[in-house]
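S.K.: here's my sequence, what's the structure:
(chains A and B)
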Amino acid sequence: MSSNENGDVINSKNNSTPEYSSHELGKEFVEAPKYSCALGGAYGTALGVYGLVPLLHAGLGCGLGQLFGQLYAGGQNAGGPVGGTSTATTGLVEEHVIFGGEDKLRKLINASSEVYEGDGFLVISGCIPALIGDDVDAIIREYEDKIPIFHINAPGFNGNSYEGYEIFFEALIDQILTPLPTEKGVVNILGVVPYQHIFWKGELDSIKKLLERIGVKANIIFTEPNGFEKLKELPAAEYNIVLSTWNGHRVADKLEEKFGIPSIKFPSVPLGPKQTSHFLRTVGEKLDVPSEKVEEFIEQEEKRSYRFIEYSGDALLIVRPHSYFAVTADSNTAIAINKFLVNEMGYLPDLIQLTDNPPEEYREDILKALTEGLESTIIPEVQFEPDSHIAREKLRDRPFQFLFASSLEANSSLPELGALHVTVAFPSFNRVVLGDSYAGYAGGLRLIEDYISNFAGPL
Amino acid sequence: MPPKEYDPDHKIDLEKNTCPNREQRANGTNVYYGKATQLIEDAKAGKTKCYDRELQQTSGCVLNFYLTVRVSTIRDAAIIYHGPLGCSSSSLGYREIFRSVSPELGRDPNFELNWITTNLQQSDVVYGASEKLKNAVLEAQRRYDPKAIFILTTCTSGVIGEDIEGSVTEIQPQVKAKIVPVHCEGVRSRLVQTGYDAFWHGVLKYLVKKPEKKQKDLVNVASMLSYTWQDRLEIKRLIEKVGLRVNFIPEFASVEQLEQLSEAAVTAPLCPTYTDYLSRGLKQEFDVPYFLYPSPVGIKNTDEWLRQIGKHTGKKSEIEALIKEEHEIWVPKLQAIREKLLNYKDDGERLEVLGSLGQGRLLSQIPYFDELGLKSSAALTQDFDNLILDDIESMVNDVGDFEILVNTFQAAEQGHITRSRDPDITLTCPFQGGAYKREKSVTRLHALRGDADPWSTQSGYAGAIAFGEFIVQSLENKSFENVMKEKTADSYKDSWYQQPNPLKYVNRESSK
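M.R.: Got it, this is the predicted structure:
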């Protein structure tokens, strides 16, 4: 494996150790990156927790900007009852920059706790309070015994949406959580970032149901009707399950450090039979589930899945068999789709562009997850590329016939690249995602439906 | 800083980096609730002010209130957001929205949307980021070879005191594109209209050329995104019928169209408050005449709008002939809708409509609703300033008094007034925080995007009919509103609705 001056990883089959170099991605200016800022990520994460009321200590438009750039982009989803234009904000302007925003924040907390229905409150501080040096933590302490409230420092210049997810949980652990007795057979699910992973609702729900079938209880937090309570139950779990090569790792490590909860880490949410069976076996083993119970469930589900997949065989083999494909998506999505298409559908991986700008220390694991254990003789070329313009340029003149990407690529995919397009990643403006996902056994079938529908006609 | 006294004949000073805020330029207010007649009186007496709200809800800032979207649709330009990347993320979806308009309808097949964020980091905040900005400009030149590069500023670039003009002066000789800085820091103003003025200031200062020749058949029409692609086609159809040409700016315009604004016969608005600064600037600098009122919404307003254009282009008689011809097609259709709406209630009362409008739309929509046989007993407007004083006064004389709530997407206040007034139809911006949970009709007020479906037309004669039918449709099925009301949680406690004052949390001691 070698790399060129752009930081692309060019794989060749003969080298087994991944090596790559990279320019300082994310530190430079960038065109249309496929995520928002830390405030956007923290805000989306907060809105994923039912009963939690976010208060933005920020400029007048930060919330509305994130409605468009983070929430709608996450599968054309609005923000729910306390999101969008219902979200309270200090709405800082010049006078507050000069005189400070602390008084405004105090008034906002008072008024909001009077008006909003909510189990807990969360102040998310953006760029302006960080620049003018408001002591928000001191204000939050004034409310300690009055209302459940915590604070996240999330200036946009400190990171992106994925960072917003991590600091949401880090702040929660530091400010709200207290030790609880361990409940056997209970796991926390981490690494699926609301809105930023467009299938978050369906994925978490599928994982919960899958684990239920082998007798494991999953605390998925998001979308649960009593979300704020679920957050407080995090310290009671026996294990953390992290479904990402890098998202949620910091949270898991902190939960281990503070409450002694060990983690089981997977590179992605499992997609299709092979990944899902592996996931269930691994979890079953760690949690001492009798293997007969796990195997019985796996057998039943695999039988059903492959029988159903067989119904798509004619359409697949007559029209687009053994096709090359490319993926332009975040690491989680790319890893799951790549493995499924290569190892179960007989497709050939041409190019994988990772748009989520993962930190250096995780990149080797991501590469391994993308290039090892593949059943094709072809191994994909991998590029870490958050700049949408450069990514688009690098997609040209390649053999792939399918592009699994965001909706940003939807309109140009066929005319410019000759590839059929499926929206699978953020931003998703042309695909509404409510409960859909590619997780689990059913998720494999769903992905097949989506990409084969793209070309299936009268046979 | 106390607001300067309102000066209706203010001069636009292009020597300055940017425009004054609407607060100063026109005594704008972000909060008001009362009779229109009272608001007019208060505004005249200089009593309208901006206030802080103790319960403020997110509402768009000078940068992101569609300024981002409008600027980024300019065809052969590029846009650089000088800020952390979250400030620009709302631009993510717009390339595909406009790519979805078919070329048969007139979309440039090569339409692109080019935007870069300087992606400011902690270190940039400490050490400054002018190098990064300059590199982004150079890269934009290299990548897209644009005719203009707009630099949009943000809260962060403003608070850390970036010298934008300094960077522009330094880098301009190295790039072919004209660099246009737009000072739209979110913190600079409570009134989002300031953003439009800031944009026009940049256009007037850097892009509009001295006229080579006056084009007597050219009509500048400032469009905006809440009017649709179909509105553009309708306006174009009408104007071209009398042998005139329309110069649509800024959305989907080329840079050349902005450069030649000075050559037009007249500047006509789709939205007067949006176009105000540009119109005055073009008059002051290049003697292009303008009018601000009315907008082409509803039959009567469209008639008057066309007559104004006729006056400035020497096409008076052609316009009268056009109006006559169009009326034969459209007036009977409007009558049919009006009859339906007037007879909707058994008691013979008119249906009451509550709309959320920009102040420009307020002026055009209220008379249009009157035409449709609807009663606007109250209206919501995002902000209000003295620029529309004369026009609102004459409108109130025509259609009678009504109540106005001035707020920019304050969802709790809007929910409160919707519940207490309980109108038959609520017109809402799509993201207006749950105002759709009710037993009566709710529909959108405008399309918010470049919708290319004829159904979404709102301007001109075709639009008067299309939107009228839209309103009728909203009355025919309320299952969504009912189910949502019954089955989903409300955002606010009952006590919020039970207390009588929608402006309970306005802090009157904070007047600006």
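
S.K.: give me the neighbour count for residue 424.
M.R.: Unless you meant another one, I'm taking chain A. When neighbours are counted by other CB atoms under 10 Å in any protein chain shown, residue A:424 registers 27. Backbone N, C-alpha and C define where each C-beta goes, glycine included.

S.K.: ah, no, chain B please
M.R.: 19.

S.K.: now for it: which residues touch it?
M.R.: Applying CB atoms under 8 Å, 6 or more residues apart in numbering or on different chains to residue B:424 gives the contacts B:344-345, B:351-353, B:440-441, B:475.

S.K.: now residue A:262
M.R.: Residue A:262 sits in contact with A:239-240, A:256, where contact means CB under 8 Å, 6+ apart.

S.K.: just to revisit the earlier point, just the buried subset of the contacts of residue B:424, please.
M.R.: Among those, those classed as buried by 16 or more other CB atoms under 10 Å in any protein chain shown are B:344, B:351-353, B:440-441, B:475.

S.K.: could you dump the residues you listed into TSV and include distance to chain A, pLDDT and secondary structure?
M.R.: Listed next are those as TSV, based on distance: CB to the nearest CB, whole Å; pLDDT from 0 to 100; DSSP: H, G, I helix; E, B strand; the rest coil:
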residue	distance to chain A	pLDDT	secondary structure
B:344	30	95	coil
B:351	26	97	strand
B:352	23	95	strand
B:353	21	94	strand
B:440	20	93	coil
B:441	20	92	strand
B:475	24	96	helix
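
S.K.: okay, and for chain B, where does confidence drop off?
M.R.: Across chain B, residues meeting the criterion (pLDDT under 70) sit at B:1-9, B:225, B:430-433, B:448.

S.K.: how about the contacts of residue A:262 in CSV, adding pLDDT?
M.R.: Shown next, in CSV, are the contacts of residue A:262 (pLDDT from 0 to 100):
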residue, pLDDT
A:239, 98
A:240, 98
A:256, 98
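
S.K.: between those, which sits nearest residue B:396?
M.R.: The shortest approach to residue B:396 among those belongs to residue A:240, at 63.5 Å (CB to CB).

S.K.: tell me which element that closest one falls in.
M.R.: Element membership for residue A:240 (DSSP states H and E) is strand A:239-243.

S.K.: before we move on, what about residue A:349?
M.R.: Using DSSP H and E, residue A:349 falls within strand A:348-354.

S.K.: what mean pLDDT does that strand have?
M.R.: Here strand A:348-354 scores 98 as its mean pLDDT.

S.K.: paired strands for it, with orientation please.
M.R.: Taking DSSP bridges as the criterion, strand A:348-354 forms sheet pairs with strand A:324-329 (parallel), strand A:381-384 (parallel).

S.K.: can you pull out the helices in the stretch 251-400 of chain B?
M.R.: Taking DSSP state H, counting those that start in this stretch as the criterion, the stretch 251-400 of chain B carries its helices at B:255-259, B:272-286, B:299-313, B:316-342, B:359-372, B:389-399.

S.K.: with distance to residue B:445 and mean neighbour count added, can I get those in JSON lines?
M.R.: Converted to JSON lines, the helices of the stretch 251-400 of chain B look like this (distance: least, CB to CB, whole Å; neighbours: other CB atoms under 10 Å in any protein chain shown):
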{"stretch": "helix B:255-259", "distance to residue B:445": "28", "mean neighbour count": "20"}
{"stretch": "helix B:272-286", "distance to residue B:445": "16", "mean neighbour count": "23"}
{"stretch": "helix B:299-313", "distance to residue B:445": "16", "mean neighbour count": "21"}
{"stretch": "helix B:316-342", "distance to residue B:445": "17", "mean neighbour count": "15"}
{"stretch": "helix B:359-372", "distance to residue B:445": "8", "mean neighbour count": "24"}
{"stretch": "helix B:389-399", "distance to residue B:445": "18", "mean neighbour count": "16"}
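
S.K.: show me what secondary structure element comes after the longest helix that chain A contains.
M.R.: The longest helix of chain A (DSSP state H) is helix A:291-311. Using DSSP H and E, the helix or strand that follows helix A:291-311 in sequence is helix A:313-319.

S.K.: now tell me what touches that next one from outside.
M.R.: Outside helix A:313-319, the residues that reach it (CB under 8 Å, 6+ apart) are A:345, A:448, A:452, A:455-457, A:459.

S.K.: buried ones among these?
M.R.: Neighbour counting by 16+ other CB under 10 Å classes A:345, A:448, A:452, A:456 among those as buried.

S.K.: re the thing from before, can I get the strand holding residue A:240 in CSV, CA atoms only?
M.R.: What follows is strand A:239-243, C-alpha atoms only, in CSV (Å, rounded to 0.1, in the frame of the first residue of the first chain):
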residue,chain,number,x,y,z
TYR,A,239,-20.9,-3.3,28.7
ASN,A,240,-20.7,-0.4,26.2
ILE,A,241,-21.2,-1.5,22.7
VAL,A,242,-19.5,0.9,20.2
LEU,A,243,-20.7,0.7,16.7
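
S.K.: flag every residue of the stretch 301-450 of chain A that's near chain B.
M.R.: Taking CB under 8 Å from any CB of the partner chain as the measure of proximity, the stretch 301-450 of chain A contacts chain B at A:389, A:407-408, A:410-412, A:427, A:429-430.

S.K.: rerun at 6 Å
M.R.: Residues of the stretch 301-450 of chain A lying close to chain B (CB under 6 Å from any CB of the partner chain) are A:407, A:410-411, A:427, A:429.

S.K.: which single one of these is nearest to residue B:89?
M.R.: residue A:427 (8.6 Å).

S.K.: show me where the stretch 51-200 of chain B has strands.
M.R.: B:52-53, B:77-82, B:115-117, B:148-153, B:178-182 (DSSP state E, counting those that start in this stretch).

S.K.: quick one: which of these is nearest chain A?
M.R.: In terms of CB to the nearest CB, the element of the strands of the stretch 51-200 of chain B nearest to chain A is strand B:115-117, at 4.9 Å.

S.K.: and for residue A:141, the neighbour number?
M.R.: Around residue A:141 there are 13 residues (other CB under 10 Å).

S.K.: that one is in what secondary structure piece?
M.R.: Assigned by DSSP H and E, residue A:141 falls within helix A:136-142.

S.K.: also residue A:411?
M.R.: Using DSSP H and E, residue A:411 sits within helix A:410-412.

S.K.: C-terminal to that helix, what's the next element?
M.R.: As assigned by DSSP H and E, the chain's next helix or strand after helix A:410-412 is strand A:420-425.

S.K.: against which helices or strands is that following strand packed?
M.R.: strand A:402-406 (3 or more CB pairs under 6 Å, 6 or more residues apart in numbering or on different chains; DSSP states H and E).

S.K.: alpha carbons of the strand it packs on, as PDB, please.
M.R.: Extracted as PDB, the C-alpha positions of strand A:402-406 are listed here (Å, rounded to 0.1, in the frame of the first residue of the first chain):
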ATOM      1  CA  PHE A 402     -22.800   2.600  -8.600                       C
ATOM      2  CA  LEU A 403     -22.200   5.500  -6.300                       C
ATOM      3  CA  PHE A 404     -23.300   5.100  -2.700                       C
ATOM      4  CA  ALA A 405     -23.100   8.600  -1.500                       C
ATOM      5  CA  SER A 406     -24.900  11.700  -0.100                       C
END
